[in-house]
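[1] Predicted coordinates and the sequence they were generated for:
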Amino acid sequence: MSLLDLAAVVGALAWIPPIFVAVRAWHTRPEIRVITQPAPEIGFTTLGPILNLRVALTVTHKDIVITGIRLNVTHESGEQSFFSWRGIVQRMGTMNYPQLGAVPFEKELNVLAMKVSQKDVEERFIRFQNLEFLEQKTVLEGTSLKKLAYLRAAPPFDGQSFLKSQEMNEIYSYIKQAFSWKPGGYRVKILLESPDAFTVLDDEYMFTLSPLQVQNLSDNLNRIEQSFANEILPGIEGEQPAQIAWAWVYPEMQKVQE
């Protein structure tokens, strides 16, 4: 063997450890499996379109930290929207009451990160909302809040007149125009985010909204103004907030079979 051949062999051998490390890293990267409840909670309020989902995550190979969860929701017509996690409820256990029996005890958590461990099944009730809608709504509400502060600084404050102002009507209109639920099939792609590389299983689901379910949700549009009135008028003597019963629907959801 010549020196040139020997150098080639040594050079080739030098690549073996990095390749071994890369292959080992691929086969031991966290593998996350997504498990969901049979029925998501679909709604529409002053927070816009809402999709709440109880999710359980399991992981193999090693623990991982999830820093974000989004939903890519696509209607059969091709219309697409994204929902981001805005709140998480974790079940801590149950409390027993003589008349009610076992009642789940749950805790609201800040949405920053979620650790998924090999030892435990991480189950959470996650509130998903349309972040793009919320950002624009915040801008409109900022304008109306400035006017509200100005009017309250110069009494007497007429709450009913403020609720009919141009600023508030722009908010009502923006919220109502954001109603996007339609009859038909929806495909949900669950998008997990983490600083570490991982693979994910069972992350696509589908459900169908019937015309009646969409009609029930659209009835919430008639409750938008009253919801804002409940926030503004109770501070005025003699005004009592009206009870609002938002409509929710719970369609059956199934895993997409590839």
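    Alright, I've got the coordinates.
[2] Contact partners for E31?
    59-61, 198-201 (C-beta atoms under 8 Å, 6 or more residues apart in numbering). Glycine gets a C-beta too; all of them are placed from N, C-alpha and C.
[3] ugh, wrong one, S194
    S194 sits next to 64-67 when contact means C-beta under 8 Å, 6+ apart.
[4] Report pLDDT for G185.
    pLDDT, G185: 97.
[5] Give the partner strands of the strand or helix carrying it in its sheet and their orientations.
    In the assignment (DSSP states H and E), G185 maps to strand 184-193. In the sheet, strand 184-193 lines up against strand 68-75 (antiparallel), strand 204-209 (antiparallel) (DSSP bridges).
[6] closest one to E252 among those?
    Across the strands paired with strand 184-193, E252 has its closest neighbour in strand 204-209 (6.4 Å, C-beta to C-beta).
[7] which other residues reach that closest one?
    Strand 204-209 is contacted from outside by 36, 39-40, 42, 181-190, 249, 251-256, 258, using C-beta under 8 Å, 6+ apart.
[8] Filter those residues down to the buried ones.
    Buried subset of those (neighbour count, 16 or more other C-beta atoms under 10 Å): 36, 40, 42, 181, 186, 188, 190, 249, 251, 253.
[9] Now R70: closest residue in space, sequence neighbours ignored.
    L191 (4.4 Å; C-beta to C-beta, 6 or more residues apart in numbering).
[10] show me the contacts for the one you found.
    Counted by C-beta under 8 Å, 6+ apart, L191 has contacts 69-72, 203.
[11] Could I get these in a markdown table, plus columns for distance to A154?
    Formatted as a markdown table, the contacts of L191 follow (distance: C-beta to C-beta, whole Å):
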| residue | distance to A154 |
| --- | --- |
| I69 | 46 |
| R70 | 44 |
| L71 | 45 |
| N72 | 48 |
| D203 | 55 |
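[12] ok, those vs I175, which is closest?
    Nearest to I175 among the contacts of L191: L71, at 20.3 Å, using C-beta to C-beta.
[13] ok, the nearest residue to the closest one once chain neighbours are set aside - how many residues close by?
    Excluding its sequence neighbours, the residue lying closest to L71 (C-beta to C-beta, 6+ apart) is F83, at 4.2 Å. Each residue near F83 was counted by other C-beta atoms under 10 Å, and the total is 25.
[14] and the helix or strand hosting Q226, which residues are buried?
    Taking DSSP H and E as the criterion, Q226 maps to helix 224-232. Buried positions in helix 224-232, judged by neighbour count with 16+ other C-beta under 10 Å: 224-225, 227-230, 232.
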